[in-house]
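my questions are about this predicted structure, shown below with the sequence.
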Number of protein chains: 2
Amino acid sequence: MDFDLSAYLLARKQWVDEALAAFFTPPSPPEKLFEAMIYSLTAGGKRIRPILMMAAYEIFGKNGRDILPFACAMEMVHTYSLIHDDLPAMDDDDLRRGKPTCHKVFGDAMAILAGDGLLTEAFALLTRDGTTPEWPAETRLRVVRELAQAAGAGGMVGGQAMDILSEHQPVDLETVRFIHTHKTGAMIRAAVRIGAILGNADTDSLDALTRYGEKIGMAFQIVDDILDVEGDTAVLGKAAGADDKLEKATYPHVAGMEAAKKEARQLIAAAHQSLEGFGEKAAPLNAIADLILERNA
Amino acid sequence: MDFDLSAYLLARKQWVDEALAAFFTPPSPPEKLFEAMIYSLTAGGKRIRPILMMAAYEIFGKNGRDILPFACAMEMVHTYSLIHDDLPAMDDDDLRRGKPTCHKVFGDAMAILAGDGLLTEAFALLTRDGTTPEWPAETRLRVVRELAQAAGAGGMVGGQAMDILSEHQPVDLETVRFIHTHKTGAMIRAAVRIGAILGNADTDSLDALTRYGEKIGMAFQIVDDILDVEGDTAVLGKAAGADDKLEKATYPHVAGMEAAKKEARQLIAAAHQSLEGFGEKAAPLNAIADLILERNA
């Protein structure tokens, strides 16, 4: 296979970066709030969720660029979750992607509000006239639902709550799986599903891509946990060993490092399998799955 | 006029209370998160925003009960905003409606997540199959947009940010007006507008009701500021004098108490005026406007 993943990722990351930077520029009053939102939005994210959405969409012969507003809305929700997770009351992280976290720069109050603002603006963006008018209202409504359900108390927020509640507690593998499927998995799954829905996927294709999203989402978080133990703070852009300090419920912690690595490999193999029906058109999604397994940051 | 406002408010408050209590019962895992959400949702709110939405809807000959899911979504967003506003990093309030605030009972992390969950679940509720399917997708999408724009960085979150940024600062009347129209005004305006939109209001009616919403929203916040100075902690259910302690940008603080009272009266008079075209059908909205002026809590 002659697919150039680096070029593929870079092009889409640039589209997302440019689109995100444009949404809140110039900042309206109160400037500090918008500065905090823009600071975190443009703090060097890999844009993996937007890229997954575009890659799933492109399976259906489309141009990923067409769905940038949807992709950006997803990244706004992801960014809000990072800002709130980093707060002193939550994971209390000083560094994110090698830069001081939002609350370290703007204070806790402005960081809470920047997160609240990004989450809410994502839904405003999805429903704004002139941003996504070419899609039928029924489709746009379905995207809002997918995103809200993935991000809400039954998804990401529930996973983060379980994560916090499990700190310094004895936890079993079931709890770790709950945290992973909800905290990270739900949004990665939703990214792929939204791309497929916008691409007018039939039921079988949507199911196959949903399975792909679930497998790579789970693998993504297991690798994250592994990197927290084995990774390098300088490469990660955040403090390695942070999970251990909080006695977090992680896969390596509960099942052991070897089992964690084996599970991640098996999940990625299953992700490849779920894409078999798409042939060469799935080259980007296949390559992203491999990257998730092999990444070091 | 022989309109029984107390009975009107009580009936609708009970509809909202029952519907809200049902949404998250029984709580899913993680239970603590859902308990925190339910705790604040059922902590004795007056449900003024949902009632305003229903009252605006009823102008068009409809039954307010038909739009309960929309009304509840609005109350969820309002409740999230109270939870986050009360956090130690924000206004640091221990009491809300006479009960300990969410973070005093469940801790800061769970309170942040309960707020995040309520905000997100509001959008899930608005787009869920089986909850609001009888409205066209275009209308439901418009409601999501109205709510997101009112709650977001250009609305409520922006107002709260400006409020925080103005503490212990010299502020002018323009800043106070910005805070009022954004922090409280935007959501009250949206409540009335959403009711009108769901009632298929024509442009003139929507404009008139929008003006009504803007006037009472502004009056509501000015009266709030007045009560913070002149009110009684026991009746308010929250600490009187809290604004003064934080040197908050309030109307009485900047313009003086007499000017504040006069402004509130004038706004309510303007609210009545904007309803003139609706005749007797506007009795509930007129009565609510008077109540806003005369309330003591």
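Perfect, I can see it now. Numbering: from 1, shown residues only, chains lettered A, B, ... in the order given.

contacts, neighbours, all on C-alpha from now
Will do.

just how off-centre is stretch A:87-96 within its chain?
With CA atoms, centre = their mean, to the nearest Å as the basis, stretch A:87-96 stands 18 Å off its chain's centre.

span of that stretch from start to end?
11 Å (CA to CA, to the nearest Å).

for residue A:100, what are phi and psi?
phi -60, psi 140 (degrees, to the nearest 10).

for the residue lying closest to it once chain neighbours are set aside, which residues are in contact?
Leaving aside its chain neighbours, residue A:100 sits nearest to residue A:94 (5.6 Å; criterion: CA to CA, 6 or more residues apart in numbering or on different chains). For residue A:94, the contacting residues are A:86, A:100-101, A:104, by CA atoms under 8 Å, 6 or more residues apart in numbering or on different chains.

confidence score at residue A:94?
The confidence metric pLDDT takes the value 95 at residue A:94.

do the same with residue A:30
At residue A:30, pLDDT is 95.

go on, the one 3 residues further on?
At residue A:33, the model reports a pLDDT of 97.

what sits against it?
A:110, A:113-114, B:153, B:158, B:161.

point out where the stretch 101-250 of chain A drops to low pLDDT.
For the stretch 101-250 of chain A, applying pLDDT under 70 flags the ranges A:130-133, A:232-240, A:244-245.

residue numbers of the stretch 101-250 of chain A in contact with chain B?
Taking CA under 8 Å from any CA of the partner chain as the criterion, the stretch 101-250 of chain A approaches chain B at residues A:108-110, A:112-113, A:116-121, A:123-124, A:127-128, A:137-138, A:140-142, A:144-145, A:148-149, A:151-154, A:157-158, A:160-162, A:164.

if we go to 6 Å?
Contact residues (CA under 6 Å from any CA of the partner chain) of the stretch 101-250 of chain A with chain B: A:108-109, A:117, A:120-121, A:123-124, A:127, A:137-138, A:145, A:148-149, A:152-153, A:162.

out of those residues, which are buried?
A:108-109, A:117, A:120-121, A:123-124, A:127, A:137, A:145, A:148-149, A:152-153, A:162 (16 or more other CA atoms under 10 Å in any protein chain shown).

tell me which of those fall in helices.
Members of these lying in helices (criterion: DSSP state H): A:108-109, A:117, A:120-121, A:123-124, A:127, A:137, A:145, A:148-149, A:162.

distance to residue B:230 for those residues - can I get that in a markdown table?
Shown next, in a markdown table, are these (distance: CA to CA, whole Å):
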| residue | distance to residue B:230 |
| --- | --- |
| A:108 | 31 |
| A:109 | 28 |
| A:117 | 33 |
| A:120 | 35 |
| A:121 | 37 |
| A:123 | 39 |
| A:124 | 38 |
| A:127 | 42 |
| A:137 | 49 |
| A:145 | 44 |
| A:148 | 41 |
| A:149 | 43 |
| A:162 | 43 |
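
coming back round to it: between the contacts of residue A:33, which sits nearest residue A:293?
Distance to residue A:293, by CA to CA, is smallest for residue A:114 among the contacts of residue A:33, at 31.9 Å.

which non-adjacent residue is nearest that closest one?
residue A:37 (5.0 Å).

wait, the one you found sits on residue A:116?
No: Residue A:37 is not in contact with residue A:116 according to CA atoms under 6 Å; the separation is 9.5 Å.

of those two, which one has the most company?
Shown here are residue A:37 and residue A:116; by other CA atoms under 10 Å in any protein chain shown, residue A:116 has more neighbours (30 against 27).

residue nearest the centroid of chain A?
residue A:49 (4.6 Å; CA atoms, centre = their mean).

next one, pLDDT for it please.
pLDDT, residue A:49: 98.

for it, what are its contacts?
Residue A:49 makes contacts with residue A:191, as judged by CA atoms under 6 Å, 6 or more residues apart in numbering or on different chains.

you'd agree residue A:228 is in a helix?
Yes: assigned with DSSP: H, G, I helix; E, B strand; the rest coil, residue A:228 falls within a helix.
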